[in-house]
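Visitor: Fold the following and give me the result.
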Amino acid sequence: MAEEKQTGSPPTNGDISEEALIAMHSDPRFNELKRRLYRFVFPMSAAFLAWFFLYVLMSAFARDLMGTVLFGNVNFALVFGLLQFVSTFGIAVAYTSYARGKLDPQATELHDELVRSSEEATR
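Guide: Presented below is the predicted three-dimensional model:
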């Protein structure tokens, strides 16, 4: 490990002291980062689960509606099922955009600060 530090490579998470990690949990910037993450994840998860359970419930209890033929061999259930995949992809794209703009810059800043403080502590 000492050789890695001499070659200039950044320390890994294992090289960051436990005290520094514990201190970071009480840092207001870290708490703001968690709050921003939760602000996206919880509402989006709830919306997706509601959307998914609507599909399941309609498949179980609204068979006539789900069996309605829209065109050719395509019925309402098939379109609804495909929209589940589309919404999943949309959520992934939305999260990526949100994380790049609101989470990644602050997370990188906090990580770099931890790495710098660990490098200074080992000198």
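Visitor: Look up how far Glu113 lies from Ala107.
Guide: 11 Å (Cβ to Cβ, to the nearest Å). Any C-beta I mention is one placed from the backbone N, CA and C, and that applies to glycine too.
Visitor: nope, Ala77 is what I was after
Guide: Using Cβ to Cβ, Ala77 is found at 52 Å from Glu113.
Visitor: Where do the helices of the chain begin and end?
Guide: Here the chain has its helices, by DSSP state H, at 2-6, 18-25, 28-61, 63-66, 76-98, 104-122.
Visitor: before we move on, back to that, who has more neighbours out of Ala77 and Glu113?
Guide: For Ala77 versus Glu113, neighbours defined as other Cβ atoms under 10 Å are more numerous around Ala77 (17 against 14).
Visitor: Isn't the more buried one up against Ser59?
Guide: Yes - counting by Cβ atoms under 8 Å, a contact exists between Ala77 and Ser59, whose distance comes to 6.4 Å.
Visitor: Name all residues that sit in contact with these two at the same time.
Guide: Taking Cβ atoms under 8 Å, 6 or more residues apart in numbering as the criterion, Ala77 and Ser59 both touch Met66.
Visitor: Can you give me the neighbour number for Met24?
Guide: When neighbours are defined as other Cβ under 10 Å, Met24 has 18 of them.
Visitor: what's the closest non-adjacent residue to it?
Guide: Ranked by Cβ to Cβ, 6 or more residues apart in numbering and with sequence neighbours excluded, the top spatial neighbour of Met24 is Phe30, at 5.2 Å.
Visitor: if I look at the one you found, how far off is Glu113?
Guide: The spacing between Phe30 and Glu113, counted by Cβ to Cβ, is 10 Å.
Visitor: Now stretch 31-48: average pLDDT?
Guide: When pLDDT is averaged over stretch 31-48, the result is 95.
Visitor: ok now it, how far from the chain's centre?
Guide: Distance of stretch 31-48 from its chain centroid, counting by Cα atoms, centre = their mean, to the nearest Å, is 8 Å.
Visitor: Same question for stretch 88-107.
Guide: 7 Å.
Visitor: For that stretch, list every residue counted as buried.
Guide: The neighbour-count check on stretch 88-107 (16 or more other Cβ atoms under 10 Å) flags Ile91, Tyr98, Leu103, Ala107 as buried.
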